[in-house]
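1. need a structure here:
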Amino acid sequence: MASETISVTVALLSAIFATSLSVGVGAVDPDAEHAEAAHPEAETYDAKRNATADVDAALARAKLRNVRTIIVMGANWCHDSRGLAGHLQSERFQPLIAKNYELVFVDVNVPQDGEGRNLDIASRYGVTDISGTPNVLIISPEGKLVNTAEDARSWRDAASRDADDIYAYFADL
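-> Take a look at the predicted model:
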C-alpha cells in the first residue's frame, strides 16, 4: 500500500512539473519577470527595410490624415529602443497612436560607434550628432519637426521611464 501511494505521489508530482514547464512556470527568474512587467519590449527595427521609403510613406499617410508622424530611430540590440517600441505597440498605447499618429521604426545600427545608418533621415529635420538610441522625432503633417532636436535625442533612457509618463508625452503633444 505504501509503495502504491508513493508511486501515485511521484506520478502526480511528475505531471505537475511537466505541466508547469509546458506553460512556462518551470525556471522563472523573478527579476526578469519583474523587468518584463515594468516595460514590454519589441524588436521592430529592421535593418533590411528601406527606411527612407518607410518614412516617406508614413509622412504621406500622416499628411492625408492630418496627424503627426512619430519616427523612432533605434536598434534591436538596444534595451531602451526595444522598451520604447514595446510601449508604443502595446494594447494601452495603440488607440492613442492610431488616432493621432503614423508610427515608423527606423534601424540606426550603432551610431555611437560610428556605425550608424539612416541618420540622414534625422538630419532632414535638423537632428544631428546622434550618439545613442533611441531618438524620437515628432513630425507635423506639414513635414516640420514638432519637438526639439535635444528632446528627440533625450530618449536614451526610454526603458526606465514610467509608462504613464511616456503615454502623457505622446498624448499631450
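
2. can you pull out the strands in the chain?
-> Assignment of strands within the chain using DSSP state E yields the ranges 68-74, 101-107, 109-110, 115-116, 135-139.

3. The first one to strand 135-139, inter-axis angle?
-> Taking axes from the mean of the first three to the mean of the last three CA atoms, to 10 degrees, one finds that strand 68-74 is oriented at 160 degrees with respect to strand 135-139.

4. sorry, back to before: now mean pLDDT and mean neighbour count too, for the strands of the chain, in CSV please.
-> The C-beta positions use only the backbone N, C-alpha and C, and glycine is treated the same way. Compiled in CSV, these are given as follows (pLDDT from 0 to 100; neighbours: other CB atoms under 10 Å):
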stretch, mean pLDDT, mean neighbour count
strand 68-74, 98, 25
strand 101-107, 98, 23
strand 109-110, 93, 16
strand 115-116, 92, 14
strand 135-139, 98, 24
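
5. Mind putting the ones you listed into a markdown table with distance to G126?
-> Shown next, in a markdown table, are these (distance: least, CB to CB, whole Å):
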| stretch | distance to G126 |
| --- | --- |
| strand 68-74 | 13 |
| strand 101-107 | 16 |
| strand 109-110 | 21 |
| strand 115-116 | 16 |
| strand 135-139 | 10 |
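
6. Quick one, which of these gets closest to K48.
-> Proximity to K48, assessed across the strands of the chain by CB to CB, is greatest for strand 101-107 (8.5 Å).

7. what about the closest one, distance to the chain center?
-> Relative to the mean C-alpha coordinate of its chain, strand 101-107 is positioned 10 Å out (CA atoms, centre = their mean, to the nearest Å).

8. I'd like to check what contacts that strand. Which residues are they?
-> Contacting residues not belonging to strand 101-107 are listed as 44-47, 49, 51, 54-55, 57-59, 61-62, 65, 67-76, 85, 88, 97, 117-118, 121, 170 [CB atoms under 8 Å, 6 or more residues apart in numbering].

9. Kindly export that strand (C-alpha atoms) in PDB.
-> This file holds the C-alpha atoms of strand 101-107, laid out as PDB (Å, rounded to 0.1, in the frame of the first residue of the first chain):
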ATOM      1  CA  TYR A 101       0.000  59.500 -35.400                       C
ATOM      2  CA  GLU A 102       1.600  57.500 -38.100                       C
ATOM      3  CA  LEU A 103       4.400  55.500 -36.500                       C
ATOM      4  CA  VAL A 104       7.500  54.300 -38.100                       C
ATOM      5  CA  PHE A 105      10.600  52.500 -36.700                       C
ATOM      6  CA  VAL A 106      14.000  53.100 -38.300                       C
ATOM      7  CA  ASP A 107      17.100  51.000 -37.700                       C
END
